[in-house]
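1. 3D, please:
(one chain, ligands or ions: 1)
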Amino acid sequence: MNPFSTLGIRHDIVNAITELGFETPTPIQEQAIPVLLSGSNDLVGLAQTGTGKTAAFGLPLLELLDFEENYPQALILCPTRELCLQITNDLKTYSKNMSNVNVVAVYGGANISDQLRQIKRGVQIVVATPGRMLDIINRKAIDFSQVGFVVLDEADEMLNMGFQEDIDSILSTTPTDKKTWLFSATMPSEVRRIAKKYMTDPFELTMGTKNTGNVNISHEYYVVRARDKYAAFKRIVDFNPEIFGIVFCRTKIETQEIAEALIKDGYNADSLHGDLSQQQRDKVMKRYRERNLQLLIATDVAARGIDVNDVTHVINYSLPDELENYTHRSGRTARAGKMGISIAIINQKELGKIRQIERGIGKQFTKSEIPNGFDVCEKQLFALVHKVHNVEVNEEQIEQYIPRIMDEFKDLEKEEIIKRFASLEFNRFLEYYKNAPDLNASSQDDRSSDRGDRSFKSSTSEGYTRLFMNLGSVDDFTRGDMLGFICNNTKISGKSVGKIDLKGVFTFFEVENSVVEQVQQAFKTVDYQGRDVRIELAGEREGGGSGRESGSRGGFSRERSGGGSGHRGRSTGGNREGSSREGSSREGSGFRDFSGKRREDRGNSSSPSGGPRREGGTGERRRRN
Ligand code: AMP
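-> The predicted structure follows:
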């Protein structure tokens, strides 16, 4: 027997939720449903979003109401329009096999006449945000005198948003003997007061301890200097190629600025904040929900109640002022039993705040290190390799091109082709990251730290210059081979060569200052297995400090990055290589529809810089302002 049937849920509802993939009740459903089905209890549920609480109260409501009658029998109050629509849709889905169920969503920012019309037609369940609900009550357009159940969802948020008085006024129009079910992620004293005021001996249900966030969330923090915050943030994103995240800022302006900078740098991001019209917010949310948007940059208020599954990361670009907000932010990830990561990017002075949050949520943060450029390149390389391995081949469409492709590759061995495919992408990341500085505040402050070893930067010996070469161990070089390769091709003595730092697909090596020019000149005419050997001064780049990363990834020269400006950012260059990489990347990570859209967005495919702006993205933003 289906476990939901065991809890007392009827078959037509069980069938509907089974289609949704609800096979076993979540803990809150398991505990709340039997109690609420009795219809005789008030309830206070301390539960995060993402625990399945909508079904926990929604399924009992559908069991208890009389749908032969068409008057308001249940009222659900919630803080935001997004949550209101979410609950309404959920109830409609759960009841899709039932007859005569009328659920109406009542929220601000939408046409009130439509909502009044729907109410007039007859409704049993009203899902509402407090402000608009009160407006409708004041117009005497609804009668709550026979309401049997009131649900206060995300009660703490409603109070945070200043709805206390509205809630009082609304509830005063409902019968005193109704049952009240209150859900809240946190239990501040204001919520306690509400519970006391409107409930009699409520059944108390706690998922986790007070204020505790979801156990499936791991909390991490990175300490960076304030001026490196944006670069550090981008690096975290680059280190997580499959990220599908919500990034929290403290102000609307910051939200807008970060989103704009990200878009400019070629990331798939957009902002969500209170200065956008409802229509614009809906549009952004739709794109995010459909995964056509990878990073949603939001304020606390705008992101309240967002219920999007599979959010992999919540990033606190700025820490919230209130502990409660941290709980709400992190609760956007790890929904429905999934795992999630909540990241805070802080400076040294904010460590105290992290400790406060730790105490508040009863969980420890892990201190993480901003990955170095090498780590990012490696991660992206293997993400690409993984995607290539798993890509779905459209046999029918590709068939016609295969003979020509085979012909192109006929002189290359399998290993060589693989190496080149990987390099095509990897070189771009390398180009961007090869001299990336260490962004961890502690190691910046402590120069004796040994991080330099893995970082691309390392101190150069006195009298020597550090050079970069685009060949490395994957090209079958050992350090000895490399020394020979350098000496044979440049005619310099082995004594003039200093440290050789052999990496995967590139090498850093030192030569005496006096022979730098000679080495650079000599390699201009050298090729290795049909590839140009490229030599660059490593120091030139290193001198740029963190500024290197503050530049747009979209701004890389097309020539240099091998036809596509590469990376995610560089792929905004509008060239085919860039966009195809982006497209396949999205497919692999489930970001649907993305490649086509991006091509449209780019428009300026012939830009010589390889980094034309994404016209669609910035244009949309301009219209908003
Ligand atoms: P909620 O806390 O109600 O916002 O639910 C969070 C997410 O979990 C929603 O996407 C629900 O569809 C999903 N969900 C709720 N209950 C279950 C269940 N028993 N099994 C699987 N998914 C569920």
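2. stretch 105-115: which residues count as buried?
-> Neighbour-count burial for stretch 105-115, counted by 16 or more other C-beta atoms under 10 Å, picks out 105-108, 110, 115. Using the backbone N, CA and C atoms, a C-beta is placed for each residue, glycine as well.
3. turn those residues into TSV, columns for distance to the ligand, secondary structure and pLDDT.
-> As requested, those are exported to TSV (distance: C-beta to the nearest ligand atom, whole Å; DSSP: H, G, I helix; E, B strand; the rest coil; pLDDT from 0 to 100):
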residue	distance to the ligand	secondary structure	pLDDT
Ala105	16	strand	97
Val106	19	strand	97
Tyr107	17	coil	95
Gly108	21	coil	91
Ala110	21	coil	89
Gln115	23	helix	97
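4. turn the residues you listed into JSON lines, including distance to Pro25.
-> Formatted as JSON lines, those follow (distance: C-beta to C-beta, whole Å):
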{"residue": "Ala105", "distance to Pro25": "25"}
{"residue": "Val106", "distance to Pro25": "29"}
{"residue": "Tyr107", "distance to Pro25": "29"}
{"residue": "Gly108", "distance to Pro25": "33"}
{"residue": "Ala110", "distance to Pro25": "33"}
{"residue": "Gln115", "distance to Pro25": "33"}
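5. any idea whether Leu412 is helix, strand or coil?
-> coil (DSSP: H, G, I helix; E, B strand; the rest coil).
6. got it, and Ile345?
-> Under three-state DSSP, Ile345 falls in the strand class.
7. what residues does the chain put near the ligand?
-> Neighbours of the ligand within the chain, by C-beta under 6 Å from any ligand atom: 20-22, 25-26, 29, 49-55, 307, 309, 335-336.
8. pull out the buried residues from stretch 245-252.
-> Residues of stretch 245-252 classed as buried: 245-250, 252 (neighbour count, 16+ other C-beta under 10 Å).
9. just the helices in the stretch 51-200 of the chain please.
-> 53-64, 81-94, 112-121, 130-138, 155-160, 164-171, 189-198 (DSSP state H, counting those that start in this stretch).
10. could you list the low-pLDDT ranges of the protein?
-> Applying pLDDT under 70 to the chain flags residues 208-215, 305, 336-337, 442-460, 539-625.
11. check it and tell me which residue is nearest its centre.
-> Gly245 (0.6 Å; C-alpha atoms, centre = their mean).
12. show me the contacts for the nearest residue to that residue once chain neighbours are set aside.
-> Counting by C-beta to C-beta, 6 or more residues apart in numbering, His313 is the residue found nearest to Gly245 once chain neighbours are left out, at 3.9 Å. Going by C-beta atoms under 8 Å, 6 or more residues apart in numbering, His313 touches 240, 243-246, 333, 340-343.
13. follow-up on the earlier one: can you name the residues bridging to the residue nearest to the centre of the chain?
-> Leu295, His313 (DSSP bridges).
14. from the ligand, how far off is it?
-> Separation of Gly245 from the ligand (C-beta to the nearest ligand atom, to the nearest Å): 17 Å.
15. Pro34 too?
-> Distance, Pro34 to the ligand, using C-beta to the nearest ligand atom: 15 Å.
16. ok, now Val237?
-> Taking C-beta to the nearest ligand atom, one finds Val237 at 25 Å from the ligand.
17. so that residue: helix, strand or coil?
-> helix.
18. related to what we said a few turns ago, distance to Gln397 added to the helices of the stretch 51-200 of the chain, as JSON lines?
-> Formatted as JSON lines, the helices of the stretch 51-200 of the chain follow (distance: least, C-beta to C-beta, whole Å):
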{"stretch": "helix 53-64", "distance to Gln397": "42"}
{"stretch": "helix 81-94", "distance to Gln397": "36"}
{"stretch": "helix 112-121", "distance to Gln397": "45"}
{"stretch": "helix 130-138", "distance to Gln397": "50"}
{"stretch": "helix 155-160", "distance to Gln397": "49"}
{"stretch": "helix 164-171", "distance to Gln397": "57"}
{"stretch": "helix 189-198", "distance to Gln397": "57"}
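19. which residues in the stretch 251-400 of the chain form strands?
-> 269-272, 295-298, 313-316, 340-346, 366-367 (DSSP state E, counting those that start in this stretch).
20. give me whichever of those strands is most buried.
-> Of all the strands of the stretch 251-400 of the chain, strand 295-298 carries the top mean neighbour count, a mean of 28, counting by mean count of other C-beta atoms under 10 Å.
21. contacts for that one?
-> Contact with strand 295-298 is made by 237, 243, 245-249, 255, 258-259, 262, 267-273, 284, 288, 303, 306, 317, as judged by C-beta under 8 Å, 6+ apart.
22. now the buried members of the residues of the chain next to the ligand.
-> Neighbour-count burial (16+ other C-beta under 10 Å) is assigned, among the residues of the chain next to the ligand, to 22, 25-26, 29, 49-55, 307, 335.
23. among those, which pair sits farthest apart?
-> Spatial extent of these (C-beta to C-beta) is set by the pair Pro25 and Asp307 at 18.2 Å.
24. what's the closest of the helices of the stretch 51-200 of the chain to Asp501?
-> Comparing the helices of the stretch 51-200 of the chain by C-beta to C-beta, helix 81-94 comes nearest, at 50.8 Å.
25. and the closest one with helix 130-138, angle?
-> Put simply, helix 81-94 runs at 70 degrees to helix 130-138, going by axes from the mean of the first three to the mean of the last three C-alpha atoms, to 10 degrees.
26. what's helix 81-94 packed up against?
-> Here helix 81-94 touches helix 11-19, helix 53-64, strand 103-106, strand 125-128, going by 3 or more C-beta pairs under 8 Å, 6 or more residues apart in numbering; DSSP states H and E.
27. show me what counts as buried in it.
-> For helix 81-94, using 16+ other C-beta under 10 Å, the buried residues are 81-88, 90-91, 94.
28. kindly report the same for stretch 322-336.
-> 323-335.
29. and stretch 465-474, by the same measure?
-> 465-473.
30. identify the farthest-apart pair in these.
-> Between all members of those, the farthest pair (by C-beta to C-beta) comes out as Thr465 and Ser473, at 22.3 Å.
31. surely Gln118 and Asn111 touch.
-> No - between Gln118 and Asn111 there is no contact under C-beta atoms under 8 Å: 10.8 Å.
32. mind listing the helices for the stretch 401-550 of the chain?
-> Using DSSP H, counting those that start in this stretch, helices in the stretch 401-550 of the chain cover 402-409, 414-433, 441-445, 479-490, 516-523, 538-542, 547-550.
33. JSON lines for those helices, including mean neighbour count?
-> Shown next, in JSON lines, are the helices of the stretch 401-550 of the chain (neighbours: other C-beta atoms under 10 Å):
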{"stretch": "helix 402-409", "mean neighbour count": "10"}
{"stretch": "helix 414-433", "mean neighbour count": "19"}
{"stretch": "helix 441-445", "mean neighbour count": "16"}
{"stretch": "helix 479-490", "mean neighbour count": "16"}
{"stretch": "helix 516-523", "mean neighbour count": "17"}
{"stretch": "helix 538-542", "mean neighbour count": "17"}
{"stretch": "helix 547-550", "mean neighbour count": "17"}
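34. distance to Thr174 added to those, as JSON lines?
-> Shown next, in JSON lines, are the helices of the stretch 401-550 of the chain (distance: least, C-beta to C-beta, whole Å):
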{"stretch": "helix 402-409", "distance to Thr174": "69"}
{"stretch": "helix 414-433", "distance to Thr174": "60"}
{"stretch": "helix 441-445", "distance to Thr174": "54"}
{"stretch": "helix 479-490", "distance to Thr174": "79"}
{"stretch": "helix 516-523", "distance to Thr174": "81"}
{"stretch": "helix 538-542", "distance to Thr174": "67"}
{"stretch": "helix 547-550", "distance to Thr174": "56"}
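35. which one of the ones you listed lies nearest to Lys349?
-> Nearest of the helices of the stretch 401-550 of the chain (C-beta to C-beta): helix 441-445, 10.3 Å.
36. coming back round to it: just the buried residues of stretch 245-252 now: which is nearest the ligand?
-> The closest of the buried residues of stretch 245-252 to the ligand turns out to be Ile246 (C-beta to the nearest ligand atom; 15.0 Å).
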